[in-house]
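[1] Test case, fold it:
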Amino acid sequence: MSEEITVAELFAGVGGFRLGLDGYHSEEHPEFDMPASGPFKTIWANQWEPPGTKTRQFAARCYETRFGEGSVVVEDINKVLDEVDEGKRDIPSVRMVVGGFPCQDYSVARPLSQAGGIEGKKGVLWWDIYRFLQIQISKSPDNARLCLFENVDRLLKSPASQRGRDFAIILSCLATLGYSVEWQVINSGAYGFPQRRKRIYIYAERSADWDLGERLFNGVIARAFPIARQENVFQVAVPGDPYEATMHFNEQRLKRSPFRDRGVMVGNTALTCDVDESYDGRLGCLGDVLVPDSEVPEEFFVPEEQLSRWEYLKGAKREKRVNKKTGFEYMYSEGSMAYPDLTENPSRTILTGEGGTSPSRFKHIIRCEDGRMRRLVPDELDQLQCFPRGWTNTGMTDGHRAFCMGNALVTGIPYRIGREIAKELK
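    Modelled structure (predicted):
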């Protein structure tokens with residue numbers, strides 16, 4: 001049996017990484033049983049949102065309900081790390097760090113050569129990840145040998161004024177700590193999952209001896225989510241100092257980011273290419289997760305008088321509009337969306353605003369066998385993210401459940417990546 005891989009889950013939400021890696025087993029809830037992807041064991045987790053964001057705090061309550069009282073630290077991660085630095089508390093040593101973090105402005109205000117090293121904007125959660133890794137490594141060089149992070153795919157091309165700069169900063173940060181890195185934008189719907197959701201996954205390993213060209217098509221993520229071999233492979237120099245990336249990366253202001261959807265970095269050199277998914281398994285679809293119409297509460301059926309509004313919002317538009325503040329008149333246009341949603345295809349990406357009864361362009365709406373139209377119920381949203389049906393049914397409202405799932409990840413993705421990590425470490 002492989003050696004146990006202890007894990008810290010940052011910005012834990014309702015436990016997507018933990019469920020995908022550790023699996024789930026509970027005598028009390030056998031209906032939630034899911035297999036582990038390898039010898040992973042999450043021993044520390046953090047989930048916190050600012051006061052006033054009560055909706056998001058339901059995520060931590062769900063996490064504790066499913067994984068046990070005290071399984072997640074519900075405190076500001078920045079405050080936690082400050083107290084660790086001051087010697088007021090400790091965090092356990094772990095072999096792997098995982099987490100989903102928001103796409104923000106990662107610009108750096110202080111170079112490595114100045115006292116204190118890298119200084120970035122306050123409130124940017126990437127810097128808490130960076131600090132967490134530094135703390136782990138300072139305790140032992142064997143700590144935090146592995147990382148797995150998730151973000152929106154636009155991370156590769158932000159900001160618009162300096163395409164690729166933010167991702168270059170993150171790669172530079174990881175390189176300063178001795179990590180080699182793989183990344184890929186994964187569209188879950190193209191690999192058999194019932195939802196189309198494009199997210200970038202970043203796998204990092206400290207002191208890894210990788211061959212760049214080989215790793216690009218045969219790394220951990222590449223084996224979990226294969227692509228057709230690409231002829232056009234681009235080399236990108238990653239700045240050795242994140243401050244240099246802030247100031248000078250993509251100074252030519254190229255319209256396209258130098259970073260493509262698949263890539264590998266060793267040292268400060270990256271190889272990158274476009275992604276053409278290669279998957280020959282069954283493709284999942286929205287219909288896979290639908291519950292019988294007889295189980296749908298009446299409030300999820302759309303009243304007849306609202307249907308015209310739903311149809312308008314989903315339809316193509318080209319119309320004059322006026323800015324209410326400035327009085328400026330402009331032409332607004334947008335394309336049409338499927339109305340109703342096609343159950344034989346993977347669903348569109350579910351968003352945090354999926355809940356609530358009001359008509360919306362972005363919510364899902366499906367046609368029932370009797371011709372009526374309805375919204376998706378929370379149990380279906382759970383399953384679109386590959387959580388067990390009813391995972392978020394912990395006493396929160398249907399709207400809160402929808403919000404939590406809109407913020408979550410497709411658990412099958414860390415599961416598949418985890419299987420490849422486990423094979424490699426054997």
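[2] can you pull out the helices in the stretch 301-426 of the chain?
    307-314, 378-384, 398-406, 412-425 (DSSP state H, counting those that start in this stretch).
[3] Could you save the ones you listed as TSV and add columns showing distance to residue 328, mean pLDDT and mean neighbour count?
    Bear in mind the C-beta positions are built from the backbone N, C-alpha and C, glycine included. Listed next are the helices of the stretch 301-426 of the chain as TSV, based on distance: least, Cβ to Cβ, whole Å; pLDDT from 0 to 100; neighbours: other Cβ atoms under 10 Å:
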stretch	distance to residue 328	mean pLDDT	mean neighbour count
helix 307-314	23	97	15
helix 378-384	38	98	24
helix 398-406	32	95	23
helix 412-425	43	97	21
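[4] Got the phi and psi for the closest residue to residue 388 other than its chain neighbours?
    Excluding its sequence neighbours, the residue lying closest to residue 388 (Cβ to Cβ, 6 or more residues apart in numbering) is residue 32, at 4.2 Å. Main-chain torsions, residue 32, degrees, to the nearest 10: phi -100, psi 0.
[5] residue closest to the middle of the protein?
    Central residue of the chain (Cα atoms, centre = their mean): residue 150, 3.8 Å from the mean position.
[6] Phi, psi for that one please.
    With angles defined as degrees, to the nearest 10, residue 150 sits at phi -130, psi 140.
[7] quick check: mean pLDDT across whichever strand or helix holds residue 244?
    Residue 244 is part of helix 242-248 when elements are defined by DSSP states H and E. On average, the pLDDT along helix 242-248 is 95.
[8] do the same with stretch 208-227
    96.
[9] for the helices of the stretch 301-426 of the chain, which one sits closest to residue 140?
    Between residue 140 and the helices of the stretch 301-426 of the chain, the tightest spacing by Cβ to Cβ is seen for helix 412-425, at 17.5 Å.
[10] Give me the residues contacting the closest one.
    Contacts of helix 412-425 with the rest of the structure, by Cβ atoms under 8 Å, 6 or more residues apart in numbering, involve 2-3, 5, 16-17, 20-21, 36-40, 98, 146, 148, 150, 186, 188, 191, 193, 199, 201, 203, 220-221, 223-225, 386.
[11] How about stretch 298-312?
    339, 357, 359, 360, 365, 368, 372, 373, 374, 375, 376, 377.
[12] The fifth one - how many residues pack around it?
    Which is residue 365. 22 (other Cβ atoms under 10 Å).
[13] same thing with the last one?
    Using other Cβ under 10 Å as the criterion, residue 377 is surrounded by 19 other residues.
[14] The worst-scoring helix or strand of the chain on mean pLDDT: partners in the sheet, and parallel or antiparallel?
    The least trusted helix or strand in the chain, going by mean pLDDT, DSSP states H and E, turns out to be strand 119-120, with a mean of 82. Strand 119-120 has the following strand partners under DSSP bridges: strand 108-110 (antiparallel).
[15] buried set for the partner strand?
    residue 108 (16 or more other Cβ atoms under 10 Å).
[16] What mean pLDDT does that strand get?
    pLDDT averaged over strand 108-110 gives 89.
[17] What are the contacting residues of it?
    Counting by Cβ under 8 Å, 6+ apart, 116, 117, 118, 119, 120, 121, 169, 242, 243, 245, 246 sit against strand 108-110.
[18] filter those residues to the buried ones?
    If you count burial by 16+ other Cβ under 10 Å, the buried members of the contacts of strand 108-110 come out as 117, 118, 120, 169, 242, 243, 245, 246.
[19] that older thread, which one is the residue nearest to the centre of the chain nearest to, not counting chain neighbours?
    residue 100 (4.1 Å).
[20] related to what we said a few turns ago, and the next helix-or-strand element following the least confident helix or strand of the chain, how far out from the chain's middle?
    Once the chain leaves strand 119-120, the next helix or strand it forms, by DSSP H and E, is helix 125-139. Here the centre of helix 125-139 is set off from its chain's centre by 19 Å, with Cα atoms, centre = their mean, to the nearest Å.
[21] Could you check helix 125-139 and say which residues are buried?
    125-137, 139.
[22] quick check, nearest of the residues you listed to residue 322?
    residue 125 (37.9 Å).
[23] distance of that closest one from residue 39?
    Per Cβ to Cβ, to the nearest Å, residue 125 is found 28 Å from residue 39.
[24] cool, and residue 392?
    Taking Cβ to Cβ as the measure, residue 392 and residue 39 are separated by 27 Å.
[25] Check the burial of the spatially closest residue to residue 372 that is not a sequence neighbour by counting its neighbours.
    Distance criterion Cβ to Cβ, 6+ apart; nearest residue to residue 372, sequence neighbours excluded, is residue 301 at 5.4 Å. By the criterion of other Cβ under 10 Å, residue 301 has 16 neighbours.
[26] I'd like the distance between residue 301 and residue 364.
    Relative to residue 364, and taking Cβ to Cβ, residue 301 is found at 14 Å.
[27] No further queries at this time; thank you.
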